[in-house]
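A.B. asks: The following comprises the amino acid sequence and a computationally predicted model.
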Amino acid sequence: MSCIRSIVAVSFLASIGVSTAVTAQEMISDTTARKQPLTTWGVQFEEFEYRYSDDDEELGVWNADAFYGTDDFKVRLLTTGEYEIEEQAYETLENQLVGQIPISKFFDAKAGVRFDTPEGPDRTYAVLGVAGLAPQWFEIDANLYVSKDGDTSAELDAEYELLFTNYWILAATLDASVAFSEDEEIGVGKGLVSTETGLRLSYDLIDRAFSPYVGVVHERKYGDSADLAEADGGGTEDWFAVIGARIAF
Amino acid sequence: MKTRFLSGLLSLLMPAMVMAGEYDLTVDRVKIDTGDFVKEGIGYNGASPGPVMRFKEGENVRINVTNNLDEMTSIHWHGLILPFNQDGVPGISFPGIKPGETFTYEFPIQQAGTYWFHSHSGFQEPDGAYGAIVIEPEKREPFRYDREYVVQLTDKHPHSGDRIMRNLKMIPDYYNREQQTVGEFFSDASKNGLMNTIRDRMAWGDMRMMKADVEDLQGFTGLINGKGPEQNWTGLFEPGERIRLRFINSSAMTYFDIRITGLDMTVVQADGNNVQPVNVDEFRIGVAETYDVIVHPKDEQAYTIFAESMGRSGYARATLAPEEGMEAAVPQLRDPARLTMADMSGMPGMDHGNMAGMDHGDMDMNSSEGMSGMDHSNMEGMDHGSMAMGKGGQSDPFYAKGSGLVPTAANGGKFLSYADLKAQDPLYEDREPTREIELRLTGNMERYTWSINGVKYEDADPIRLKYGERVRFKFVNETMMTHPMHLHGMWSILDVGADQWNPIKHTVSVQPGTTVYMETEVDEPGQWAFHCHLSYHAAAGMFRKVIVEGGPESTQAKTDVIAKDGGEV
């Protein structure tokens, strides 16, 4: 009997020995990816389209951005271009490289540079902007630009999506730009420069990765900018039929 | 006399020798076929889900895990009580298992019931790395059955976990296809009046919150034991038998409402621990939870096990039948759930005065009741005594009053509530908690950031507990999503107001706009993970490390080493 008891005692001690060894294990510190800020990236073409104007002008147009970074800091490349198909020239070509940080629950601040290299004179600007989601689901992107020569201008982009169904989506967009000083060389007069309003009806064909759309776009120039355009022999107002696709990957 | 002594001696030694079960698992790239799509994934022993691991209470297990992937892996034994270095969380329990390496887990089995295991590395679990654990008890169980089946659910998505995370970060509503449409506006307007509907849309638009934000991840195929609805996993029975169904929700993101048309279910176990039997028509299983139910089909017919996702965007289906090939009708999905203002009541800085009358048109309850749910200080004083819900009652104390998520049984019968769960055999003596720790569940849907107390895991200090204390955790859900909170290594005693009969769980669901309490006897030294079990919420930061300081023998010397980590609480 005592023999059994001593075996029990021994095994009891042994089990304590085991648990001590276990509790004395080194508690490691977390160096896995989970403990690092989540780094992510994405590419979105809000617009990738063919435009046909009421005076037979044909344009290839894109409006895209790519980002890489964390919740706290992202680098974003924004690119917009309008390619005049017949003349084989870029009517507009803007590339922005900005850093982006969150400043409120729904808004980010951006700062960086913008390079315009269309047909004609080039421009370089410093960019300061905010982008985010305003109440009632308006996507807002507002930017202030200062050119190397000190010309300042501002641009406001707003977008609203109306869901006819969860796949048929009507997107309404408004882009407006204002100049605080004249830059005659590139056709910009002081005051309200131009607006572009668009309505695009899209269908999400592959997830949200590929959504073909059709739509109409209206472009208009105002004030001094309109005068400059007219003096240059150009129009001040254009209607376009557009066909294209929203792309995200 | 001598032989008796020898056999006595042997039987003493036997446990050490024979009861050491040895198991092998390989982690492999596998093909997953849901019937809707085929994809590459990760599995165990060549398949996803992996095998059902059958252990015996009281045995010591050795599990050799061989990593055949070209990336690190790990296995976490979900719900098992074991030494922390066997818990399988890379960076907390151990460094992880390198490609080509075999890691041997070794721990005693100190419990019985239904559990599961899964990878805790990256998004391997949503990619298919999960399996079931069934532990046979030492003692007789307080219920009878003739046959048992594991019924393991998941939400298999055609996209890989990494891609889903990236898509959610890029476009938070990437997968939400239940958003409110123009058509719904008009149908609401004709039901609730135009002005009410406009006011309602404006109120939600003002918050930039979606009533349809119930399921972040849609587009999945619900699987049961690896089979899609068309592949129809079937469990056979003889009429008159009692069948124990071990439901396990191994989904990445999806809660399921489960019913078996034509059969009453008796819930006998929750998260591996026996509960006082409750008869229900339907129950909701949170991500990572398990429920064992007993059904008693008497007729020679097939029965459909129907598991609708909480947001009604998808379902899993299986069949119980006397013969292979028999099947029963598959019900239609019910309408998608819509959140109400009550579900937003946990949000800080909400002006309640502003809200009055805002949403009443949409609530399925009378408005005065709905509005009182918005004051979440109410929740803290929940009257647990009156929790017994009437059959089919559209209220549940674990949901905000007037919540759009309150489940109802499809047949109008009894829907299981947490309030119905009472421990069959309490593991711990009831005692006053030594302190309370408040954990606010926080996040921002538009940025797809998820956190605890507004701090993501990457920026957070560990939560420090002392061995031997009993901590009361207060979860305050300030988001509009449901979070299944899972503390590793120690039991979560869910406060349903039943004192010593409070059920013992490993995963506690916290509904939007509610406050839920659980208590933990801090009886395991080491460091542990504590997180929301929605894969993409955990990865986005709703995660903590818990350090238990001290131990049965002081491990102070060791905890000093890591004291530099600082501490949150």
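C.D. replies: Nice, I can see it.
A.B. asks: got the contact list for the residue sitting nearest the centre point of chain A?
C.D. replies: Geometric centre of chain A, nearest residue: A:Asp65, 4.6 Å, by C-alpha atoms, centre = their mean. Applying C-beta atoms under 8 Å, 6 or more residues apart in numbering or on different chains, we find A:Asp65 in contact with A:43-44, A:46, A:76-79. Where you see a C-beta, it was placed from the backbone N, CA and C, and this is true even at glycine.
A.B. asks: if you set the cut-off to 6 Å instead, what comes out?
C.D. replies: A:44, A:76, A:78 (C-beta atoms under 6 Å, 6 or more residues apart in numbering or on different chains).
A.B. asks: how many other residues sit next to residue 203?
C.D. replies: Since no chain was named, I'll use chain A. By other C-beta atoms under 10 Å in any protein chain shown, the residues close to A:Tyr203 number 16.
A.B. asks: um, chain B though
C.D. replies: B:Ala203, neighbours per other C-beta under 10 Å, totals 18.
A.B. asks: Need phi/psi at it.
C.D. replies: phi -60, psi -40 (degrees, to the nearest 10).
A.B. asks: quick one on the thing from earlier: pick out whichever of the contacts of A:Asp65 sits closest to A:Leu59.
C.D. replies: A:Leu78 (18.8 Å; C-beta to C-beta).
A.B. asks: which residues sit in contact with that closest one?
C.D. replies: A:Leu78 touches A:65, A:96, counting by C-beta under 6 Å, 6+ apart.
A.B. asks: Tell me how far it lies from A:Leu97.
C.D. replies: Separation of A:Leu78 from A:Leu97 (C-beta to C-beta, to the nearest Å) stands at 8 Å.
A.B. asks: on that earlier part again, out of the contacts of A:Asp65, name the ones that lie in strands.
C.D. replies: A:44, A:76, A:78 (DSSP state E).
A.B. asks: which element is the closest residue to the second one other than its chain neighbours on?
C.D. replies: Beyond its immediate neighbours in the sequence, the residue positioned closest to A:Arg76 (C-beta to C-beta, 6 or more residues apart in numbering or on different chains) is A:Phe67, lying 4.4 Å away. Taking DSSP states H and E as the criterion, A:Phe67 maps to strand A:58-69.
A.B. asks: Could you list the paired strands of that strand along with their orientation?
C.D. replies: Here strand A:58-69 is paired, per DSSP bridges, with strand A:40-53 (antiparallel), strand A:74-84 (antiparallel).
A.B. asks: picking that back up, need the pLDDT of the residue nearest to the centre of chain A.
C.D. replies: Listed pLDDT for A:Asp65 reads 96.
A.B. asks: Write down the beta-bridge partners of it, one by one.
C.D. replies: A:Gln44, A:Leu78.
A.B. asks: So it versus B:His118, what's the distance?
C.D. replies: Distance from A:Asp65 to B:His118, by C-beta to C-beta: 36 Å.
A.B. asks: surely B:Ile305 meets B:Gly262?
C.D. replies: No. Here B:Ile305 lies out of contact with B:Gly262, judged by C-beta atoms under 6 Å, at a distance of 11.0 Å.
A.B. asks: Grab the CA positions of the strand holding A:Phe67 and hand them over as CSV.
C.D. replies: Extracted in CSV, the C-alpha atoms of strand A:58-69 (Å, rounded to 0.1, in the frame of the first residue of the first chain):
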residue,chain,number,x,y,z
GLU,A,58,-13.6,61.9,-79.7
LEU,A,59,-11.7,61.5,-76.4
GLY,A,60,-10.2,58.7,-74.5
VAL,A,61,-10.4,59.6,-70.8
TRP,A,62,-9.3,58.1,-67.5
ASN,A,63,-9.4,59.1,-63.9
ALA,A,64,-7.6,56.7,-61.6
ASP,A,65,-5.7,56.4,-58.4
ALA,A,66,-3.4,53.9,-56.8
PHE,A,67,-2.5,53.7,-53.1
TYR,A,68,-0.1,51.9,-50.9
GLY,A,69,0.2,52.2,-47.2
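A.B. asks: buried stuff in it?
C.D. replies: A:59, A:61-65, A:67, A:69 (16 or more other C-beta atoms under 10 Å in any protein chain shown).
A.B. asks: Distance to B:Val151 for the strands paired with strand A:58-69 - can I get that in JSON lines?
C.D. replies: Formatted as JSON lines, the strands paired with strand A:58-69 follow (distance: least, C-beta to C-beta, whole Å):
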{"stretch": "strand A:40-53", "distance to B:Val151": "35"}
{"stretch": "strand A:74-84", "distance to B:Val151": "43"}
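A.B. asks: need the helices for the chain, in chain order.
C.D. replies: Unless you meant another one, I'm taking chain A. Assigned by DSSP state H, chain A shows helices spanning A:2-23, A:223-231.
A.B. asks: Wait, chain B was what I had in mind.
C.D. replies: B:2-18, B:161-170, B:182-192, B:194-207, B:352-355, B:367-372, B:377-380, B:535-540, B:556-561.
A.B. asks: And the buried residues of strand A:58-69, which is closest to chain B?
C.D. replies: For the buried residues of strand A:58-69, the residue nearest chain B by C-beta to the nearest C-beta is A:Phe67; the value is 8.0 Å.
A.B. asks: wait, that closest one sits on A:Gln96?
C.D. replies: No. Contact criterion C-beta under 6 Å: A:Phe67 and A:Gln96 do not qualify, at 11.8 Å.
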